[in-house]
Every structure is written in structure tokens, then in C-alpha cells.
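Student: For reference, the sequence and a predicted model appear below.
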Amino acid sequence: MSKYIVVTGGVVSSLGKGITAASLGRLLKNRGFSVAVQKLDPYINVDPGTMSPYQHGEVFVTDDGTETDLDIGHYERFLGITCNKNCNYTSGKIYSSIIAKEREGKYLGRTIQVVPHVTNEIKEDIQGAGGDDTDIVIVEIGGTVGDIEGLSFLEAVRQLRMEVGQENLVFLHVALLPYLEAAQEVKTKPAQNSVKELTRLGIQPDILVCRTNAGIDLTDEMKEKLAMFCNLRGKEFVIHNSDAKCLYDLPLMMQKEGLDKIVCKLLKLKAGKADMSGWKNMISKLKSNKQEVKVGIVGKYTAVADAYISVTEALKHAGLNNGVKVKVKLIDSVDIEKNGAEAMLSELKGIVVPGGFGTRGVEGKIMAATYARENNIPYLGLCLGMQIAVIEFARNVIKWNDASSSEFETASKHNVIDIMEDQKGISEKGGTMRLGAYECTLTQGTKTYKAYGKKHISERHRHRYEFNNKFRKDFENNGMVIAGVNEERNLVEIVELPNHKFYVASQFHPEFKSRPDNPHPLFEAFIGACKD
């Protein structure tokens, strides 16, 4: 039977519960345990797929096509695992399942209630997160203790603790310790009140992780005070988690605080100390790189950095083996439309246009693609970024002034991006998208093939529109190379310009498969070109 670690958060949202959970998971994995992770989001959306990035940051996609919370990306990057549909549940997903069962008569006419029906559904989903060979399941409950949406999840894990026993489920609570500048003092009362709110709901945290600003010292006296007022077994069960300059320092910081040791003690798990030597070497390499390369991400959700978190992290990973430190600048494509490409992009060594939906800011992205192509600046297009590169090439090289995508313009004679029919003649029109992992066959002799070093790859998708095969020969005759295709459905996956330093664009999202200790080859090749 798997053992469970339930992570909750208090005082404020965006505390870094996901990073804390991912860091702990890495430590436990390096102790030799098999670890699964799960995020429970209390909001009523079925999944984050229809939500604006301004609300919850990027939508992360798994191999099986599940649209998930961005924390799943942190889990995959930190633990080096591949998540699936069991890794992310929302209130909407839970209630959809219950209502479907009720309509089918599976409850035999009973009145459907939060307890036991909703809580039972949640418990079943938690227990289904791991397999028979999973030692530990880390479950993060989104939101903040006190939110009305999260009550059913907290009640479910309270019941689960009673059912599996204290030695099989640990409660870890992450809370903020604010620093008051006027008093020049760290305040513990908000964390105490957050724990009291949890205990009012029947949950006594076993471990308290205290989030503070960088440079704040959490003394033994403070830890003893928190342990006493939060009813913990001792000060060693109070863990200090301060802001870090490098995200990947967190597992080492948590190890120094003894978090994984305490978890193993509580769960009666026996294993040697986590061997973090490889992780330390990776971080040392990241920090020792002195040469700086400035890369711009041209998007339209730049007011929220989390909207492009996987792209940002993949770029930083790619600096590792290239011996450079990648500095990422987020650039609003609408500003390019207002101020011009030269004014906004001239300081960059490379340009990335990531995925997105809708018409706002599209012309600014096209201007960025033009600027990169004409000035021989490395360009990496991702999903919509590939479609932008194709539209730009059609307009300015092939000279189809009306070239566009049917997402933006239905009346154009040259919609070089369109909804295509696959080889079986099944249209993708409707509410569907191409989601999850698809095979791609690379063209030998291309920059893309050289980057991957193999002919067949698999990458994750999240889009509805495709390269329009009707115009494929026109592009090839004018110098654009089709560097990769999905042979099963005859869909273009990658395009590139052979006479450019690096101008590669993929219909898929390679950023989702990049890891700090295993950078993605396409990003590595891109940063290599930026460096040169």
C-alpha cells in the first residue's frame, strides 16, 4: 500500500506549495522510493484548459493529453517523471463524475451529498494516483485553508487519514511568515491562525513549512514558539523555506532543514540519505556559467510570468551544456505593434514566440518573426509560434499579402494555417484539439534532425489549427523546409529555414519535456545558436 503526504497552504495563495511538494518528492526519489504526485484544485472548472493564463498561468499538457495545472510541470521537471490523467483533479471534474454516475442510476436513488459521496469520490481519486509499485503519493491541495471551495477536499483527506492510519499519511502545511518592515520583525501569528483553522476542520499538521523572504533568519526560538502554538512534536518539525535565487536550490535547502528525514520518520520509512550529488553538480554548473545570453519571449500574457513558465525554464535548462546563463525577457507583442520591432527586439540574441490563442497581438508576433528572419537572429517558434512563422513567410517571401490563419481570418484566399482533415477524413472542427503526445518523423540533414540526433520523436501538442497542406509545395519551392511530419495523419510538425543561423518552428510544445538535468535538444540547439 502507498503512503501519502498531503500538502496544504495557509495565509496567502501562491506560496510555492507545488515547489515544496516537488522538492520533497525529489529528495524521496533520491532516497530510492518510487513517488507519484497529484494536484487537487478546488475551482469548479473541469480543467484549466479554458482558463485565461492571467488566472492560473500556463496550461501544462501530459503525454496522454490531459490539460493540467502548471504545478504538474514542476513535478515533472523536479522528479523527472511523466504524469498522466490521474495527476490533476478539480472540483468540476469530481462533480462531473458524480453527476454522470447519478444520471446512470449508480447511486440507487440515494440523496447525493458532499459527505459521503463527494468525499468518497475524492478519496478514490487520491488512492488511484499511484500504482501497486508506488511507495509514496504526494497530494497537493490547491488554494488556501479557509477557502470555501476547498472544504470537501480537506474533509476527504481527514477521513483518509483515519482510514489508512497515522503512519501512512502525513499532513504538511505551508504557511507564510510575513516580515513587517516598520517593526523589523517576523510575525508568526498568521501561520498560527492558519494551523488553528486546519485543526478546526479536524486536521492537525505534522510538519509546518514556513515561507519567508530571502535573508530572513528563522531562529530556534521562533521554531520552538511555532511548534508549541501549532501543537507540533518539536522544533525540528518546523521547516524554514525562504525565497531562493535559483528554483532548483529548493531540494537542497529542504534537505538541509531535514524535511525528507522527518517525513521518513513519521511514515516509518527506512532508507539511506538522499544522494543529491548529481543535482548539486547540475546547480553548480548552472551558477558557474558566466556568459549571459538575452532571449526574448514574445507573447501576449507577459504580465503574468507563470503564463510561460515551462518555456522560461526550458530556456534556462538549455544554457547548462552551452556554458551560458540565459536571461529571459518577456515582451508584449502588442507593444511591438505600437513601437516597432527594432525598438523592442534589437538587444536580443534570440527570439521565441510561444503558444497562444486569439487574434490580439498576432501582428506583433508576425513583426517579431520578420525581424528575426531578416536580421539572421535565432528564432524558435512553439505551436502558434510555428503558425506565425508560416504566415510571415507566406506574406513576405511568397508575397501573399492576405496570408493568414482561419483562426484569425476566414475570408482569406491564402489561409496557410487551417483546420485540416486527417488521412481518415475526420475533421477536427468542433470543440476538439490535438492534445498530448504524437509521433513525428524528422527530415535528415535539417537543423532539427541534428538537434535530436534521431529520426523518430514524440512530442506533446495543444492546438486546433494546422499547416495547410494545400500550400505545402509553394513553401518548399520558396525555400522553407518541412523538417518533420506526423506520417499517420500527414500533418506538418516542424518547419525551418536552411540558410538562416537558426530559424526553427514546431507545431508541438517541446518545453513540456525539458528537465533541469536533461535539457530539451531543440532548446539546446537554439541557445547554442544564440550564444554563437
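Tutor: Nice, I can see it.

Student: What ranges does the stretch 251-400 of the chain have for its helices?
Tutor: Using DSSP state H, counting those that start in this stretch, the helices of the stretch 251-400 of the chain run over residues 259-266, 277-288, 309-322, 333-339, 341-345, 362-374, 384-396.

Student: ditto for the stretch 401-532 of the chain
Tutor: For the stretch 401-532 of the chain, applying DSSP H, counting those that start in this stretch gives helices covering 447-452, 472-477, 521-531.

Student: which stretch among those comes nearest Arg26?
Tutor: Nearest to Arg26 among the helices of the stretch 401-532 of the chain is helix 521-531; the distance by Cβ to Cβ comes to 21.3 Å. The way it works is simple: take the backbone N, C-alpha and C, and place the C-beta from them, glycine included.

Student: relative to helix 309-322, how tilted is the closest one?
Tutor: Angle, helix 521-531 to helix 309-322, by axes from the mean of the first three to the mean of the last three Cα atoms, to 10 degrees: 60 degrees.

Student: name the helices or strands packed onto helix 521-531?
Tutor: Counting contacts by 3 or more Cβ pairs under 8 Å, 6 or more residues apart in numbering; DSSP states H and E, helix 521-531 packs against strand 291-299, helix 309-322, strand 324-332, strand 350-353, strand 379-382, helix 447-452, strand 503-506.

Student: deepest of these, which one?
Tutor: Neighbour counts averaged per stretch over the helices and strands packed on helix 521-531 are highest for strand 379-382, at a mean of 30; criterion: mean count of other Cβ atoms under 10 Å.

Student: if we can go back for a sec, how about the helices of the stretch 401-532 of the chain, which one is nearest Asp275?
Tutor: When the helices of the stretch 401-532 of the chain are compared (using Cβ to Cβ), the closest one is helix 521-531, at 25.8 Å.

Student: And the contacts of the closest one?
Tutor: For helix 521-531, contacts defined as Cβ atoms under 8 Å, 6 or more residues apart in numbering pick out 291, 293, 295, 314-315, 317-319, 321-324, 326, 349-350, 352, 378, 380, 447-448, 450-453, 501-502, 504, 506, 510-511, 514.

Student: if we can go back for a sec, turn the helices and strands packed on helix 521-531 into TSV, columns for distance to Phe393 and mean pLDDT.
Tutor: Shown next, in TSV, are the helices and strands packed on helix 521-531 (distance: least, Cβ to Cβ, whole Å; pLDDT from 0 to 100):
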stretch	distance to Phe393	mean pLDDT
strand 291-299	17	97
helix 309-322	22	96
strand 324-332	21	97
strand 350-353	13	98
strand 379-382	11	98
helix 447-452	16	98
strand 503-506	9	98
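
Student: Show me the one of those that comes nearest Lys187.
Tutor: Ranking the helices and strands packed on helix 521-531 by their distance to Lys187 (criterion: Cβ to Cβ) puts helix 309-322 first, at 29.8 Å.

Student: Can you name every helix or strand that that closest one contacts?
Tutor: If you count contacts as 3+ Cβ pairs under 8 Å, 6+ apart, helix 309-322 packs onto helix 71-79, helix 277-288, strand 291-299, strand 324-332, helix 521-531.

Student: switch to 6 Å and redo it
Tutor: The contact analysis (3 or more Cβ pairs under 6 Å, 6 or more residues apart in numbering; DSSP states H and E) places helix 309-322 against strand 324-332, helix 521-531.

Student: just the strands in the stretch 51-200 of the chain please.
Tutor: Applying DSSP state E, counting those that start in this stretch to the stretch 51-200 of the chain gives strands spanning 60-61, 67-68, 88-90, 136-141, 169-176, 179-180, 185-186.

Student: Please tabulate these in a markdown table, including the columns distance to Lys235.
Tutor: Below are the strands of the stretch 51-200 of the chain laid out as a markdown table (distance: least, Cβ to Cβ, whole Å):
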| stretch | distance to Lys235 |
| --- | --- |
| strand 60-61 | 36 |
| strand 67-68 | 36 |
| strand 88-90 | 35 |
| strand 136-141 | 24 |
| strand 169-176 | 16 |
| strand 179-180 | 20 |
| strand 185-186 | 15 |
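
Student: Could you single out the most deeply buried of the helices of the stretch 401-532 of the chain?
Tutor: Per stretch, and counting mean count of other Cβ under 10 Å, the top mean among the helices of the stretch 401-532 of the chain goes to helix 521-531, which has a mean of 23.

Student: I'd like the average pLDDT over it.
Tutor: Mean pLDDT, computed over helix 521-531, is 97.

Student: so how far is that helix from its chain's centroid?
Tutor: Distance of helix 521-531 from its chain centroid, counting by Cα atoms, centre = their mean, to the nearest Å, is 21 Å.

Student: okay but Ala483 is in contact with Tyr449, surely?
Tutor: No - using Cβ atoms under 6 Å as the test, Ala483 is too far from Tyr449 to be in contact (7.0 Å).

Student: can you tell me which of the helices of the stretch 251-400 of the chain the model trusts least?
Tutor: With a mean of 92, helix 277-288 has the lowest mean pLDDT of those.

Student: Contacts for that helix, please.
Tutor: By Cβ atoms under 6 Å, 6 or more residues apart in numbering, the residues outside helix 277-288 that reach it are 248, 320, 517.

Student: So which of those residues is the closest to Ser2?
Tutor: Asp517 (25.5 Å).

Student: residue with max distance from the center of the protein?
Tutor: Distance to the chain centre peaks in the chain at Gly109, reaching 41.1 Å (criterion: Cα atoms, centre = their mean).

Student: So that residue versus His117, what's the distance?
Tutor: 13 Å (Cβ to Cβ, to the nearest Å).

Student: Where does pLDDT dip in this protein?
Tutor: 421-431 (pLDDT under 70).

Student: coming back round to it: using CSV, lay out the helices of the stretch 251-400 of the chain together with distance to Glu466.
Tutor: CSV is the format used below for the helices of the stretch 251-400 of the chain (distance: least, Cβ to Cβ, whole Å):
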stretch, distance to Glu466
helix 259-266, 46
helix 277-288, 37
helix 309-322, 21
helix 333-339, 22
helix 341-345, 27
helix 362-374, 17
helix 384-396, 9
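
Student: can you tell which of the ones you listed is closest to Asn45?
Tutor: For the helices of the stretch 251-400 of the chain, proximity to Asn45 was assessed by Cβ to Cβ; helix 309-322 is nearest, at 19.1 Å.
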